[in-house]
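K.L.:
Would you be able to build a 3D model of this:
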Amino acid sequence: MIFPIRTSIRPRRTPYANYALIAVNVIIFFLTYGPHRHLVAGQLVVVPVRHWAEQFMLTPDGWHLWQFVSYAFLHGGLMHIIGNMYFLYLFGNNVNDKLGHTGYLCLYLGGAVFAGIGHTILHTNPVLGASGAVAAITGAYLVLFPQTLITILYWFFFIGTMEVPALYFILFKLIFWDNIVEPRFSTAAVAYDAHLAGYAFGILAVLGLLAAGLIAGSSFDLWAMIKRWNRQRQYRDSVSGGYDPFTGQTRSKQIKVKEVKTAAQKELEEKTKGLRNEISSRIAQRNLPAAAELYLELTRLDSEQILPRQHLLDIANQLAGDNKHAESAQAYEQFLTHYSNYEYAEQVELMLGILYSRYLDKPEPAVKHLQAAAKKLTNPGQLKMCQDELARLQD
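P.N.:
Below is the predicted model:
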């Protein structure tokens, strides 16, 4: 058995909308849960909610518009709500942080509606539960953070943990295996089609928002990966034929272009590899000024290059000490993006807030990072510095 236990990235802001959804679901569960037998088509069936709450379940053969939302706040048992709320907590916090509270609530409710529509089209049995809405949030996580790592607990003949990229875990385990393969061997009354509709909504909605530029993307989200793949595909197609409609070149000229580009790519790879090795060597020698200069050269060649955690932190600190404020801020931002589970991340947040406030004249990101730091700092001196800087910015 495989079960996810944590993600490698944590939100920078408190995900109040996600916490509110979890609280509302739990409260409604305790108010409405009350299994009883009910006569349906001449047969006694167990209805998991109280009599007065049955009207809020989604009934495909006699639905009301409000049921497409209300059904998602009902649950059929303790394990049902615990499972849904656990996955909502695991994946929802970061999605909430990325989309903001209003956008996150819209995505959650839209996922519930879309999942309900998917179930209604294909089935006639009543349905309840937040699984479709949670699936939409999980699909959104897949799009926004495909390269983050999910730590999973597994037990077969032995128990252990391992880290798996979110793209593979969500796509193949949660979507493909749990909702397409496993139903063929299971007789459980689970609304798998509602799950799939929720995943589809979450993935397509967030891809659409990224493509339209309505939410800020990154070089590591699924839309950026798709664009890189498409550029590579276009390049392969353009050089495989005898004529390139974009440049009007003949096949022989295209081959030369391909050879030049391939040689350039190899040269870039060799340079970046050499620079990374040289940076590691300089850090081992404690020559941080030289390592920082090499790091800047590396980022000019390829801005997506990521150093090991401690190396990146040492270089960010060195750049700050060298008064290269913009460069050090960029290094700290990269550090928080890729190593957000660092045990002293609040100190990095404090450093970023100070840089943005005092040296780069960027009050908005300064306030954001300082507020994040203030929530977790325990050192009295650092906390006072943080609070004083916030008070100065907010005057």
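K.L.:
C-alpha only now, for contacts and for neighbours.
P.N.:
OK.
K.L.:
need the helices for the stretch 1-150 of the chain, in chain order.
P.N.:
16-32, 67-70, 78-122, 131-144 (DSSP state H, counting those that start in this stretch).
K.L.:
who wins for proximity to Ile215 among those helices?
P.N.:
Of all these, helix 78-122 sits nearest to Ile215, with 7.2 Å by CA to CA.
K.L.:
What pLDDT is listed against Ala331?
P.N.:
For Ala331, the pLDDT comes out at 92.
K.L.:
buried stuff in stretch 84-104?
P.N.:
Within stretch 84-104, the residues scored as buried using 16 or more other CA atoms under 10 Å are 84-85, 87-101, 104.
K.L.:
whoops, I mixed them up, stretch 104-111
P.N.:
So stretch 104-111, judged by 16+ other CA under 10 Å, has buried residues 104-105, 107-111.
K.L.:
Also stretch 215-231?
P.N.:
Going by neighbour count (16+ other CA under 10 Å), the buried part of stretch 215-231 is 215, 217, 221-225.
K.L.:
now do stretch 119-131
P.N.:
119-120, 123, 126-131.
K.L.:
cool, and stretch 155-163?
P.N.:
Glu163.
K.L.:
what's next to that stretch, contact-wise?
P.N.:
Counting by CA atoms under 8 Å, 6 or more residues apart in numbering, stretch 155-163 makes contact with 1-2, 149-154, all of which sit outside it.
K.L.:
of those, buried ones?
P.N.:
Using 16+ other CA under 10 Å, the buried members of the contacts of stretch 155-163 are 149-153.
K.L.:
what's the next secondary structure element after the worst-scoring helix or strand of the chain on mean pLDDT?
P.N.:
Every helix and strand of the chain was ranked by mean pLDDT, DSSP states H and E. The lowest is helix 251-284, at a mean of 74. Downstream of helix 251-284, the first helix or strand assigned by DSSP states H and E is helix 288-301.
K.L.:
After that next one, which helix or strand is next?
P.N.:
Using DSSP H and E, the helix or strand that follows helix 288-301 towards the C-terminus is helix 309-321.
K.L.:
Can you spell out which helices and strands pack onto that following helix?
P.N.:
helix 288-301, helix 325-338 (3 or more CA pairs under 8 Å, 6 or more residues apart in numbering; DSSP states H and E).
K.L.:
Below-threshold pLDDT in the stretch 251-395 of the chain: ranges please.
P.N.:
251-261 (pLDDT under 70).
K.L.:
let's see 80
P.N.:
For the stretch 251-395 of the chain, applying pLDDT under 80 flags the ranges 251-267, 285, 395.
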